[in-house]
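In: structure here, sequence nowhere to be found:
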């Protein structure tokens, strides 16, 4: 209906504000339903971990999705994939997780400094680690686990839906991994995605 209003030139100066509000609400609701649908899919149909993923290529794809907001905030990015150049996992889930982490790093930037986002990899007991570190507002110790609760928003000025981290952790756990965070209020946060390496998956 919203598209038809525009197609038939029914949007006028008198109703433009209402039209824009309805469109924004509809798009937002569609995004929430898409996220909820993915959560149900994770619960009812666990993924098959059978895709070789080049980390640099994956990051470039994720960065393309956040490029506009990154440029608006003048964010600086540094990345190092030398410790884990590839993953064996479900690409659509990994891409969703990393995109969420990049958006968060930019959205919760500190007003006192230019955003700096560091992306780096590691290895730990057969697991591949992918970390996103920012120099943003940081998170209170008491809120570190609350950020992963569904529809939880610690900053009500945020335009987010409050489901991104919950979805990201659900996706990580569905792939046999985890998503954790460490943070210092006023200095920044580090979110770490930990996924089993190919050798562990083969053994399993």
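Out: That came through fine. Source: prediction; values computed, not measured.
In: where exactly do the strands run in this structure?
Out: All strands of the chain, identified by DSSP state E, fall at 51-54, 76-80, 86-89, 116-124, 127-134, 178-184, 188-196.
In: what are the contacting residues of stretch 123-130?
Out: 55, 83-84, 87, 98, 119, 121-122, 177, 192-197, 199-200 (C-beta atoms under 8 Å, 6 or more residues apart in numbering). For glycine as for every other residue, the C-beta is placed from the backbone atoms N, C-alpha and C.
In: how about 10 Å then?
Out: With contacts defined as C-beta atoms under 10 Å, 6 or more residues apart in numbering, stretch 123-130 is touched by 53, 55, 58-59, 81, 83-89, 94, 97-98, 101, 119-122, 176-180, 191-201, 203.
In: buried ones in that stretch?
Out: 127-130 (16 or more other C-beta atoms under 10 Å).
In: how about CSV for those residues, with pLDDT added?
Out: Converted to CSV, these look like this (pLDDT from 0 to 100):
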residue, pLDDT
127, 93
128, 94
129, 95
130, 95
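In: need the max-distance pair from those residues.
Out: The most widely separated members of those, counting by C-beta to C-beta, are 127 and 130 (10.3 Å).
In: run a quick neighbour tally on the closest residue to residue 85 other than its chain neighbours.
Out: In this structure, residue 85 finds its nearest non-sequential neighbour in residue 55, 5.7 Å apart by C-beta to C-beta, 6 or more residues apart in numbering. Neighbour count of residue 55, defined by other C-beta atoms under 10 Å: 21.
In: and what of the one 3 residues further on?
Out: Here the count is done by other C-beta under 10 Å, and residue 58 has 20 residues near it.
In: thanks a lot, see you next time.
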